[in-house]
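> I would like the atomic coordinates for the input below:
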Amino acid sequence: MDSLLSEIRACTLCAQRFAQTETGHAPRPVVRARPSARLLIAGQAPGTRVHASGQPFTDASGDRLRDWLGLQPDEFYDETRIAILPMGFCFPGYRKGADLPPPALCARTWRARLMAELPHLRLVLPVGGIAQKWHLGVKTGVTQTVAAWRDHLPGAIPLPHPSWRNTAWLKRNPWFDTDLLPVLRTRVREALDGEPDG
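Below is the predicted model of the structure:
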């Protein structure tokens, strides 16, 4: 795992692509994982604040996600228990003022190798459509996939992105708060607090 993480953190495969975005930034892969992790948060890609800080979910989205999970920051950032692996490890940049999707090249290059190094996962939380398609093999959109969250228990619970942009979605789908979140918090605690594997 250490060797693989070093390779990822040195990755520049998308340098030319990022240089051509509105931000013209250099790659800065943001990834947190240890082989002992029991919970995987599979996000989309870092935003500008995460690109600057080098730590995932250091923004309002992270505050909302931690609330959803019922976790304080010290537990959320304990990489011996929680792996945070977005589908694209670098901020993909803007074009016409909107976030670009994570380059598919990132997942094709690194994801299977990383997943092979995480043998103790008990719960996967795919956040957003790209992560849900990769981890769950679904072809439905985010709303349909998250609405069918029970179909993926006990090993996974799909989530919408915790961005402020999804506040209207959360209001339109009150079942997310009333039905899904209590189960999510229970499954997170079970994954993190259960007896060690093996």
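> from here on, contacts and neighbour counts on C-alpha atoms
Fine.
> what's downstream of the lowest-mean-pLDDT helix or strand in the chain, the next helix or strand?
Ranking every helix and strand in the chain by mean pLDDT, DSSP states H and E puts strand 98-99 at the bottom, with a mean of 76. Per DSSP states H and E, strand 98-99 leads on to helix 104-116 as the next helix or strand towards the C-terminus.
> now the residue nearest the centre of the chain: closest residue in space that isn't a chain neighbour?
A centroid search over the chain (Cα atoms, centre = their mean) returns residue 43, at 2.0 Å, as the residue closest to the centre. In this structure, residue 43 finds its nearest non-sequential neighbour in residue 86, 4.1 Å apart by Cα to Cα, 6 or more residues apart in numbering.
> where in this protein is pLDDT low?
Along the chain, segments meeting pLDDT under 70 span 97, 195-198.
> quick one: the strands in it?
39-42, 82-84, 94-95, 98-99, 123-126 (DSSP state E).
> quick revisit: contacts only, for the residue nearest to the centre of the chain.
84-87, 126-128, 131, 161 (Cα atoms under 8 Å, 6 or more residues apart in numbering).
> for those residues, which one is nearest residue 73?
residue 84 (13.0 Å; Cα to Cα).
> thinking the closest one is in contact with residue 41, fair?
Yes - in this structure, residue 84 is within contact of residue 41 by Cα atoms under 8 Å, at 4.8 Å.
> of those two, who's got more company?
residue 84 (25 against 20; other Cα atoms under 10 Å).
> separation between that one and residue 172?
28 Å (Cα to Cα, to the nearest Å).
> do the same with residue 122
30 Å.
> neighbour-wise, which of the two wins?
Taking other Cα under 10 Å, residue 122 and residue 172 do not tie; residue 122 has more neighbours (20 against 10).
> what does the least confident helix or strand of the chain contact?
Residues outside strand 98-99 that contact it (Cα under 8 Å, 6+ apart) are 92-93.
> note down every partner strand of that strand and its orientation.
Strand 98-99 has the following strand partners under DSSP bridges: strand 94-95 (antiparallel).
> centre of the chain versus the strand it pairs with, how much separation?
Centroid separation between strand 94-95 and its chain, computed with Cα atoms, centre = their mean, to the nearest Å, is 21 Å.
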